[in-house]
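**Q** take this sequence and fold it.
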Amino acid sequence: MNNSLKDFIDNNREAFDYRVPTDKVWNQIESKLPQTSVWNDIRIWRVAAIVLFGISGLLFFTNKPVLKQNQQQAQLQGEFSNLEKFYTDQIAEKVEWISDTRDTFADDQFAQDFKKLDAMYQVLREQMKINPTEQVKDALVLNMLVRIDLLNQQIQKLEESKRADRANKETDI
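**A** Numbering: from 1, shown residues only. Below is the predicted model:
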């Protein structure tokens, strides 16, 4: 049966092809079709996908410098915390030695200079927390090195003073 239908269609192909349904027939067919919304159109979805892909790519490439900057800032803070611990330990050790050796050092130029450096250090440290940069890290390290140098000078003065006191005691005897 399928062969006879196929043969009939093949023999009468031209008769089928030249007849076109009227507009009235197409309108009736169209009215019976389910209504399509804008969201069912594949072209809308393609455009939406392209726009979404474009925005995603733009955000990905523009956020990379921010991520890289955050990583650099975290690395700077990590490096600084290691340096800070090392130098802070040295400073504390020297301050303790000076405190044990002398009764007080709050009244002289050394104490004033040391307090100024400490205040500058605190300001720089806050800046490092807010906006860590290589320059701030370098300034903090320089501040700690200057404080260590100042402490070393004070220790040297105290040792010279002790030597002079011992020499005076030995000559008195």
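**Q** and the lowest-mean-pLDDT helix or strand in the chain, how far out from the chain middle?
**A** Ranking every helix and strand in the chain by mean pLDDT, DSSP states H and E puts helix 13-18 at the bottom, with a mean of 75. Its chain's C-alpha centre and that of helix 13-18 lie 72 Å apart, by Cα atoms, centre = their mean, to the nearest Å.
**Q** got the CA coordinates for whichever helix or strand comes after it in PDB?
**A** Remark: after helix 13-18, the chain's next helix or strand is helix 23-32, criterion DSSP states H and E. What follows is helix 23-32, C-alpha atoms only, in PDB (Å, rounded to 0.1, in the frame of the first residue of the first chain):
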ATOM      1  CA  ASP A  23      -4.700  33.100   2.000                       C
ATOM      2  CA  LYS A  24      -8.000  32.100   3.600                       C
ATOM      3  CA  VAL A  25      -6.700  28.500   4.100                       C
ATOM      4  CA  TRP A  26      -3.400  29.800   5.600                       C
ATOM      5  CA  ASN A  27      -5.300  32.100   7.900                       C
ATOM      6  CA  GLN A  28      -7.400  29.300   9.200                       C
ATOM      7  CA  ILE A  29      -4.300  27.100   9.700                       C
ATOM      8  CA  GLU A  30      -2.500  29.900  11.500                       C
ATOM      9  CA  SER A  31      -5.500  30.600  13.800                       C
ATOM     10  CA  LYS A  32      -5.500  27.000  14.900                       C
END
